[in-house]
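Enquirer: can't give you the sequence, but here's the structure:
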Ligand code: ZN
């Protein structure tokens, strides 16, 4: 498998503006979010999770979804994803006219599904199905993420067969891909290889996207394992922003610049400009008023630049 990697291209989805910021207590202004999005685009990002259309009382950081969308730049080849949990959210996202791709979420376990979006796991599959169909019906694209694919904060281990079954059912609605998310950062590379391989076979020809949090330090190893197992798209957030309310004190998403550094050094293309990503990460660190978990931005460049 590794032999083929030299020519491979892995797509990065920048999720910082939504998953990265969602659980930050400090409210980031719409203008700052727009600058984050612009910096990601300038660094090469072509799919960006811009915001979510959820209850602003539950997620105050995303209360400006419509205002943000109204100011999103229109650039050929750049797609903005709006995360939605139900039909109401889907209609809000569609109504902006600026969201090109709806992101739906199905949750692997009942307890987490109830806590996260007030649905049973099966209901979350049915609702995600409807969201995908609705997006496709109005000429948008759609993606779907299976949250807690590698473990649940309430129920513990999640059976692989459950995830494979969910992926198949979701694939029937024809999203652009199905993603496996390690929402609470408990995955390990061996588990990732197994599950990505099985899901890839189950949903072929649809591709697999992966979403990892570095809560326990396994984030980059999991990204590598997923790519070896055939995942083609990786979610990541500049600076490694993005804790989870169910994993207190947690590190965030895998850092976009760390993922790109690793892949670039391994000869795998991403189309991203690492120097610009590092600048964006350092800028974001200033906005957040603290050092962010991403590591590459804090280290000297390598190899040395003249
Ligand atoms: Zn996440």
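Expert: Yep, that arrived. Please read all numbers here as calculations on a predicted model, not as lab measurements.

Enquirer: Let's check: the centremost residue of this structure is which one?
Expert: The chain has residue 235 as the residue nearest its centroid, 3.8 Å off, counting by Cα atoms, centre = their mean.

Enquirer: Can you name the helix or strand that that residue falls in?
Expert: Per DSSP states H and E, residue 235 falls inside strand 233-236.

Enquirer: next one: residue 102
Expert: Here residue 102 is assigned to strand 101-107, by DSSP H and E.

Enquirer: Tell me the strands beside that strand, with direction?
Expert: Looking at strand 101-107 with DSSP bridges, its partner strands are strand 79-84 (parallel), strand 141-147 (parallel).

Enquirer: As TSV, those strands with distance to residue 104, mean pLDDT and mean neighbour count would be great.
Expert: Glycine gets a C-beta too; all of them are placed from N, C-alpha and C. Putting the strands paired with strand 101-107 into TSV (distance: least, Cβ to Cβ, whole Å; pLDDT from 0 to 100; neighbours: other Cβ atoms under 10 Å) gives the following:
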stretch	distance to residue 104	mean pLDDT	mean neighbour count
strand 79-84	6	98	25
strand 141-147	5	98	25
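
Enquirer: need the strands for this protein, in chain order.
Expert: 11-14, 47-53, 79-84, 101-107, 141-147, 178-182, 208-212, 233-236 (DSSP state E).

Enquirer: Including distance to residue 119, could the ones you listed go into a markdown table?
Expert: As requested, those are exported to a markdown table (distance: least, Cβ to Cβ, whole Å):
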| stretch | distance to residue 119 |
| --- | --- |
| strand 11-14 | 24 |
| strand 47-53 | 16 |
| strand 79-84 | 13 |
| strand 101-107 | 7 |
| strand 141-147 | 11 |
| strand 178-182 | 16 |
| strand 208-212 | 19 |
| strand 233-236 | 22 |
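
Enquirer: mind checking which of these is nearest residue 275?
Expert: strand 11-14 (15.3 Å; Cβ to Cβ).

Enquirer: Below-threshold pLDDT in the stretch 1-150 of the chain: ranges please.
Expert: Residues of the stretch 1-150 of the chain meeting the criterion pLDDT under 70: 1-7.

Enquirer: Give me the buried positions along the strand holding residue 235.
Expert: Neighbour-count burial for strand 233-236, counted by 16 or more other Cβ atoms under 10 Å, picks out 233, 234, 235, 236.
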